[in-house]
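Colleague: Provide a 3D model corresponding to the input given below.
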Amino acid sequence: MTAQPTPKATPKGAWKITFLLFLFMLVNFADKIVVGLAGAPIMDELKLSPEQFGFLGSSFFFLFSISAIVVGFIVNRVDTRWVLLAMAVIWSVAQFPMVGTVGFTTLVICRIILGAGEGPAFSVAAHAVYKWFPDEKRTLPTAILSQGSAFGVILAVPALNWIIVNHSWHYAFGALGVVGLMWTAAWLVMGKEGPLVHTVEMAAADPRVPYLQLLTSRTFIGCCAATFGAYWALSLGLTWFTPFIVKGLGFSQKDAGWISVLPWVFGATVVLLTGWISQVMLTRGYTTRGARGVLGSVPLIVGGLILAVLPHVNGAGLQIAFLVVGSGLCGSIYVVCPPMLGEFTPVQQRGAVLAIYGAIYTLAGMIAPSVMGVVIQNAAVPLDGYMTGFTINAVIMAASGLLGLLLLWPNTERARLMAQAAAQPKFA
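Modeller: Numbers count the residues shown, from 1 in each chain. Purely as a prediction, here's the structure:
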């Protein structure tokens, strides 16, 4: 029995759903960055030490991974439309308690709840998008989806920082809650399940690949390792970039607002270029090993090397430039890993595999902000602590990129898993 051919046509409405999910990720990352953006006034008002603020940054990720895995298995059976809706409601409601007077404990609890709601965001959104695009057309929509993170920061930071400077950091949280409810209403009206979901029924007659085989495949391990390093840099950016600008380099909160946009502008460029280059390479006959695996891993190595030089350059402008470029290069891996996993994962298991992948690499978010906080608190001067923390980041990024370069072979992974199956699974 031969496999059904992969659909080539993009269903009508695919790009509208992609745009809605782009906005979904935009809100997601605006929610993430608000604590880092308001880091200096939060620390001043609540009298928090660097170690406490690092704990606050990490608390967002306490239930992040667990939630991602649980919801990943849920979306194998429940339409992603309703799961996405429920997640957006949780995000919105979790923001409103911060509008009033809050203590450190309340702030931590609300961030934990928000993290539980946002943990599955990217994996579920990617799973939803893949129901609208066949495999060979997924890299560009994945890149657009990833851009929600960058634009969530680029668009939100000036507005949120204006609220923080002119009113209060409390109202910045409330504004995000309102925006989340607006997206919820739009999705309720326009959100739909992709038509390629019907391939689940076609694939149901074929044996599933054991999860142990999928999760111990070298490409899955490589994706987790490479993205772990990238997420270490991202979570530091979310939590510590603005405090570094204010408390480490001495800029005002007002100036720090526009400076905080720079890593995300550069990262957005990297992600879009990666998506476009990958798509072009695939159409010209490159294997996914080159067009996805190598293309995503090399920038991590280069970014790590750039960050390693950061403590040895003088001048605030040059230090910011090295930090922006070094950390921004890590964005390429987010574009290529979900499509690589989609290559060899049967469609009826894809939601869970993407979620487990997300749960593993986002563990970096639970560790990195706290590590930075401890390092800063124990340094002779805060700036030395920041530089030590960025050096640790450099080592982790470069090592994760090297692991990705060694392990990411999605094209051969698919052939191996298909050969092991009693009957060839359908891929979509």
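Colleague: Neighbours of residue 339, how many?
Modeller: Residues lying near residue 339 (other C-beta atoms under 10 Å) number 28. Any C-beta I mention is one placed from the backbone N, CA and C, and that applies to glycine too.
Colleague: okay but it is in contact with residue 139, surely?
Modeller: Yes - with contact defined as C-beta atoms under 8 Å, residue 339 counts as touching residue 139 (5.4 Å).
Colleague: Check the contact lists of those two and give me the overlap.
Modeller: The contact sets of residue 339 and residue 139 overlap at residue 292 (C-beta atoms under 8 Å, 6 or more residues apart in numbering).
Colleague: Scan the protein for its longest helix.
Modeller: When the chain is parsed with DSSP state H, its longest helix is helix 139-166.
Colleague: avg pLDDT for it?
Modeller: The average pLDDT within helix 139-166 is 81.
Colleague: which parts of the helix or strand just after that helix are buried?
Modeller: Per DSSP states H and E, the first helix or strand lying C-terminal to helix 139-166 is helix 169-190. By neighbour count on 16 or more other C-beta atoms under 10 Å, the buried set for helix 169-190 is 169-170, 172-177, 179-181, 183-184, 187.
Colleague: Output those residues as TSV; include the columns pLDDT and distance to residue 103.
Modeller: Listed next are these as TSV, based on pLDDT from 0 to 100; distance: C-beta to C-beta, whole Å:
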residue	pLDDT	distance to residue 103
169	90	14
170	91	13
172	92	18
173	91	14
174	92	17
175	92	21
176	92	20
177	92	19
179	92	25
180	92	23
181	94	25
183	94	29
184	94	28
187	94	33
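Colleague: Just put these in CSV and tack on distance to residue 109.
Modeller: Listed next are the buried residues of helix 169-190 as CSV, based on distance: C-beta to C-beta, whole Å:
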residue, distance to residue 109
169, 17
170, 16
172, 18
173, 13
174, 17
175, 20
176, 17
177, 16
179, 22
180, 18
181, 21
183, 24
184, 22
187, 26
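Colleague: Quick check: of those residues, which lies closest to residue 324?
Modeller: The shortest approach to residue 324 among those belongs to residue 172, at 23.0 Å (C-beta to C-beta).
Colleague: Could I get the contacting residues of the residue positioned nearest the centre of the chain?
Modeller: When C-alpha atoms, centre = their mean is applied to the chain, the residue found nearest the centroid is residue 122 (6.4 Å). By C-beta under 8 Å, 6+ apart, the contact set of residue 122 is 25, 28, 145-146, 334, 338, 358.
Colleague: how about low-confidence regions in the protein?
Modeller: Scanning the chain for pLDDT under 70 picks out the ranges 1-9, 197-207, 418, 420-428.
Colleague: run the last query once more with 80
Modeller: Residue ranges of the chain with pLDDT under 80: 1-11, 72, 76, 134-140, 142-143, 146-153, 194-208, 347-348, 350-351, 414-428.
Colleague: Could you list the domains of the chain?
Modeller: 14-199, 210-421 (the TED database).
Colleague: how distant is the first one from the center of its chain?
Modeller: In terms of C-alpha atoms, centre = their mean, to the nearest Å, the centre of domain 14-199 is found 10 Å from the chain centre.
Colleague: give the contact list for the residue lying closest to residue 136 once chain neighbours are set aside.
Modeller: Excluding the flanking residues, the one nearest residue 136 by C-beta to C-beta, 6 or more residues apart in numbering is residue 282, at 6.3 Å. With contacts defined as C-beta under 8 Å, 6+ apart, residue 282 is in contact with 136, 139, 288, 291.
Colleague: Just give me the closest of those to residue 409.
Modeller: For those, the residue nearest residue 409 by C-beta to C-beta is residue 288; the value is 8.7 Å.
Colleague: In contact with that closest one, which residues?
Modeller: Residues in contact with residue 288 (C-beta under 8 Å, 6+ apart) are 282, 339-340, 343, 410-411.
Colleague: Helix or strand: which one has residue 265?
Modeller: helix 262-283.
Colleague: quick one: that helix to helix 139-166, angle?
Modeller: Counting by axes from the mean of the first three to the mean of the last three C-alpha atoms, to 10 degrees, helix 262-283 points 170 degrees away from the direction of helix 139-166.
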